[in-house]
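Trainee: Requesting a structural model of the entry that follows:
(one chain, ligands or ions: 1)
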Amino acid sequence: MCGIIGAVSDSNVLPILLDGLKRLEYRGYDSSGFAIIVEPGKFIRLRAPGKLIELERTVNANGNIDGFTGIAHTRWATHGPPTEQNAHPHISGGRIALVCNGIVENHEELRSWLIDQGIQFQSETDTEVIVNLIQLHMERGLDFLSAIRTSIQTLKGAFALGIVNADEPGRIIGARRGSPLIVGIGENSAYLASDIAALIAQTRKFIVLENGDIVDIKQEEIQITNLDGHVLNRDMQFSDMNPQSVELGNRRHYMEKEIFEQGQAVSDTLEGRITTSRVLDECFGIEARQIFDKTERIQIIACGTSYHAGLVARYWLEDVGMPCQVEIASEFIYRNHPTPKNCLVVTLSQSGETIDTLTALDYAKQCGYSHSLAICNVPDSSLVRNSELVFMTHAGPEIGVASTKAFVTQLVALRLLTIVMARKNSLHNLNETESIRELRELPASIEATLNLEPAIQKIAQQFADKQHALFLARGIHFPIALEGALKLKEISYVHAEAYAAGELKHGPLALVDRNMPVVSVAPNDAQIDKLKSNIEEVRARGGKLIVFADSETRLSSRENLQVIHVASVESTISPIVFTIPLQLLAYHVALIKGTDIDKPRNLAKSVTVE
Ligand code: F6R
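Mentor: Next up is the predicted model:
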């Protein structure tokens, strides 16, 4: 996790670094810091534990800082608590400063070796070994770039680095192995950052570095080489990201903004992918048709919220006769996969940089899975570049740590995949025109559901003093209950568990009492009668129920049972619509509790460590 940024310019880089850190804060917010070369041979380094605002306070207290070269970092702590001492940049010998996103796996071994060489460490971080290695190699006669190459050769793990030398103002060296890193090209300026959004206020011209690349950035010249020093050519790209899409506007939180953008996000994701009667296979890639023709099974791999999207898709795909397995990426790698032939691996990821998902995709390739498709929201992310087929969700930048619009657009992508897969099996009578019509109506149903906000706001009051909550559903809505519980726990810190309602009587019913709110997702589908019985079982034991139902469910509010009616939609897309009230519920509970909604404690948006 962690975000890094660096800049060389002919004007003061401090505002550029602080603006970039603000845009990168979603990657971690335990501490932040920067080092700026204020005159040849001299840095000013400032660091502060806590969110970026703390660093800004420290800057204000330190008066004028002016320099044309600098690096900065926002941290998600892995090795060592989030103190000032452990904050980046780390400095060695007073002249080399370094920021790192990632983990050095052999840091203990390297630290002992460096201590034997007489090096004294200032922090508990794994990163500090890198800067000390570079400094030591320079003391022993290597130039700046060679010392970096030699040091990297001894490191194990995945990381992205930004490094400056106080004796060489106007120069930043970056290195990428595993963690994302891009170079920005401006007018008389050049930059390094973890993502494009960090630099969008400065430039639209970018180079995406590949694993193993080392970039030597000077104001007028950028050279990319590999570890052996061979010069590499990387294409320059233009980003069409709208800077306003990463602004909060008049919303209180990014999560709120993103929840309310979901109708538009769905329209944008559908645009150009469908006609009135057909899903265009090419939206998955030029070779999609050929690969889909051979596909006999699907293996979905993802983490967290993206995993929940995969669980919904399993119901859809199996309904059209396509066998489908779904697995958490971090566990997929611990099993043997004996029959990967003609199986399409589908990875789901908002960021495209989740290391667990990337590792699982690599493992799937090693196991001999035939082909891969990434459903992802970030162009040029590692997942996109490592996959054969790609479907980009057009949700726009998602800044709030809790994923909302990315989830909904992943579901849209998976529904399109289902429609395409259904063509393979004429026995399963999915009417393509009808399915497309349902998807076209989705943005309007989402907008209608968002109008439930005032009612949900009232209900949220009932959770403010609660420690625990249960979420119940059956069938395809069970993953939606899982997602609702995840949203509630991650942003409001209320412990929430989702159960398949049939499992209630096998244990969790013992937890039910008047202090345990029970949320149920209850559309009028084939499971509704059984679900109603489960609802009654909870009521009979004094449990307080909040039931999201559609108007055809024929459930009405009475003692200990509050029913909120959600727009009635076709059963295929109802999991998408029923997601919305659960997101709003989590948001309003968190708002009442006063938590940091966009940056919940201990989390980060892009999880680039295993
Ligand atoms: C929860 C959440 C996480 C992510 C997970 C995977 O709201 O956002 O559970 O879904 O970390 O991230 P991506 O989709 O970027 O691979």
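Trainee: show me the contacts for the residue in the stretch 201-350 of the chain positioned nearest to the ligand.
Mentor: Taking C-beta to the nearest ligand atom, the ligand has its nearest neighbour within the stretch 201-350 of the chain at residue 304, 1.9 Å off. Heads up, the C-betas are built off the backbone N, CA and C, glycines and all. Residue 304 sits next to 403, 486 when contact means C-beta atoms under 8 Å, 6 or more residues apart in numbering.
Trainee: Can you pull out the low-pLDDT segments for the protein?
Mentor: Applying pLDDT under 70 to the chain flags the ranges 426-428.
Trainee: Around the ligand, pick out the residues from it.
Mentor: The chain comes close to the ligand at residues 303-306, 349-351, 354, 357, 402-403, 486, 490, 607, as judged by C-beta under 6 Å from any ligand atom.
Trainee: Can I get those in TSV including distance to residue 294?
Mentor: Converted to TSV, the residues of the chain next to the ligand look like this (distance: C-beta to C-beta, whole Å):
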residue	distance to residue 294
303	27
304	30
305	30
306	25
349	24
350	28
351	29
354	27
357	24
402	37
403	32
486	35
490	39
607	33
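Trainee: How many neighbouring residues does residue 107 have?
Mentor: 20 (other C-beta atoms under 10 Å).
Trainee: now swap in the one 10 residues further on and tell me
Mentor: Burial of residue 117, expressed as a neighbour count using other C-beta under 10 Å, amounts to 11.
Trainee: do the same with residue 339
Mentor: By the criterion of other C-beta under 10 Å, residue 339 has 11 neighbours.
Trainee: Tell me if it really is in a strand.
Mentor: No: applying DSSP: H, G, I helix; E, B strand; the rest coil, one finds residue 339 to be coil, outside a strand.
Trainee: what separates it from residue 372, distance-wise?
Mentor: Going from residue 339 to residue 372 by C-beta to C-beta, to the nearest Å gives 16 Å.
Trainee: Now the residue of the stretch 201-350 of the chain closest to the ligand, what are its backbone angles?
Mentor: Main-chain torsions, residue 304, degrees, to the nearest 10: phi 50, psi -130.
Trainee: that older thread, give me the buried subset of the residues of the chain next to the ligand.
Mentor: Among the residues of the chain next to the ligand, those classed as buried by 16 or more other C-beta atoms under 10 Å are 303-306, 349-351, 354, 357, 402-403, 486, 490, 607.
Trainee: gap between the residue of the stretch 201-350 of the chain closest to the ligand and residue 349?
Mentor: 10 Å.
Trainee: re earlier: mind putting the buried ones among the residues of the chain next to the ligand into CSV with secondary structure?
Mentor: Conversion of these to CSV gives the following (three-state DSSP):
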residue, secondary structure
303, coil
304, helix
305, helix
306, helix
349, strand
350, coil
351, coil
354, coil
357, helix
402, coil
403, coil
486, helix
490, helix
607, coil
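Trainee: mind checking how far residue 502 is from residue 317?
Mentor: Going from residue 502 to residue 317 by C-beta to C-beta gives 22 Å.
Trainee: what about the helices in the stretch 351-500 of the chain?
Mentor: 355-367, 382-385, 405-422, 432-450, 453-460, 478-492 (DSSP state H, counting those that start in this stretch).
Trainee: what's the closest of these to residue 279?
Mentor: helix 405-422 (4.8 Å; C-beta to C-beta).
Trainee: Output that closest one as CSV - backbone C-alpha positions only.
Mentor: Presented in CSV, the C-alpha positions along helix 405-422 are these (Å, rounded to 0.1, in the frame of the first residue of the first chain):
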residue,chain,number,x,y,z
LYS,A,405,-19.6,2.0,-7.5
ALA,A,406,-16.8,-0.4,-8.5
PHE,A,407,-18.8,-3.3,-7.0
VAL,A,408,-22.0,-2.3,-8.9
THR,A,409,-20.1,-1.9,-12.2
GLN,A,410,-18.3,-5.2,-11.7
LEU,A,411,-21.7,-6.8,-11.4
VAL,A,412,-22.8,-5.2,-14.6
ALA,A,413,-19.7,-6.5,-16.3
LEU,A,414,-20.3,-10.0,-15.0
ARG,A,415,-23.9,-9.8,-16.2
LEU,A,416,-22.7,-9.0,-19.7
LEU,A,417,-20.3,-11.9,-19.5
THR,A,418,-23.2,-14.2,-18.5
ILE,A,419,-25.2,-13.0,-21.4
VAL,A,420,-22.3,-13.8,-23.8
MET,A,421,-21.7,-17.2,-22.2
ALA,A,422,-25.4,-18.0,-22.4
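Trainee: And it, how far out from the chain middle?
Mentor: Relative to the centre of its chain, helix 405-422 is centred 18 Å away, using C-alpha atoms, centre = their mean, to the nearest Å.
Trainee: Tell me what angle it forms with helix 478-492.
Mentor: 160 degrees (axes from the mean of the first three to the mean of the last three C-alpha atoms, to 10 degrees).
Trainee: what helices or strands is helix 405-422 leaning on?
Mentor: helix 262-270, helix 288-294, helix 304-319, strand 343-349, strand 371-376, strand 389-392, helix 432-450, helix 574-593 (3 or more C-beta pairs under 8 Å, 6 or more residues apart in numbering; DSSP states H and E).
Trainee: just the ones you listed: most buried one?
Mentor: Stretch with highest mean neighbour count among the helices and strands packed on helix 405-422: strand 343-349 (a mean of 28; mean count of other C-beta atoms under 10 Å).
Trainee: in its sheet, what does that strand sit against?
Mentor: Strand 343-349 has the following strand partners under DSSP bridges: strand 297-302 (parallel), strand 371-376 (parallel).
Trainee: want to throw the ones you listed into CSV with distance to residue 96?
Mentor: CSV is the format used below for the strands paired with strand 343-349 (distance: least, C-beta to C-beta, whole Å):
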stretch, distance to residue 96
strand 297-302, 39
strand 371-376, 36
